[in-house]
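J.: sequence and predicted structure are below.
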Amino acid sequence: MSEEKIFEETFEEEMEETKEDKETEDESPITNDWLSDLEKELDEGTEISEKKEESEEFQTITCPKCGFKNKSDAWYCESCGTELISPE
């Protein structure tokens, strides 16, 4: 057999397998529903984490020495290193 014939046979087999795979995908809409449900859940999770980040932005402790706004759980100023006193 020549290389061209081997290539043609291999290519034809791959094309048939691809056609079979596409037919199988078209027959199972359940997979598409599952995937779309997962995408929705991920989008909702992203929205929740974004809201959480926004609320954390407003919770800051201002450094008494340099005025830098630090995260509310910081013990020391991220800018100058001064010990922070948490408002209680």
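T.: Okay, I see it.
J.: which helix or which strand is home to Ser79?
T.: According to DSSP states H and E, Ser79 maps onto no helix or strand at all.
J.: thought it was touching Thr62?
T.: No. Contact between Ser79 and Thr62 fails when scored by CB atoms under 8 Å: they sit 10.8 Å apart. For every residue, glycine as well, the C-beta is placed using N, CA and C.
J.: mutual contacts of the two, please.
T.: Common neighbours of Ser79 and Thr62 (criterion: CB atoms under 8 Å, 6 or more residues apart in numbering): 68, 70.
J.: ok, Pro64 - contacts?
T.: Under the criterion of CB under 8 Å, 6+ apart, the neighbours of Pro64 are 82, 84-85.
J.: any of these buried? List them.
T.: Buried members of those, counted by 16 or more other CB atoms under 10 Å: Leu84.
J.: now the contacts of Pro64 as TSV including pLDDT and secondary structure?
T.: As requested, the contacts of Pro64 are exported to TSV (pLDDT from 0 to 100; DSSP: H, G, I helix; E, B strand; the rest coil):
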residue	pLDDT	secondary structure
Thr82	94	coil
Leu84	92	coil
Ile85	81	coil
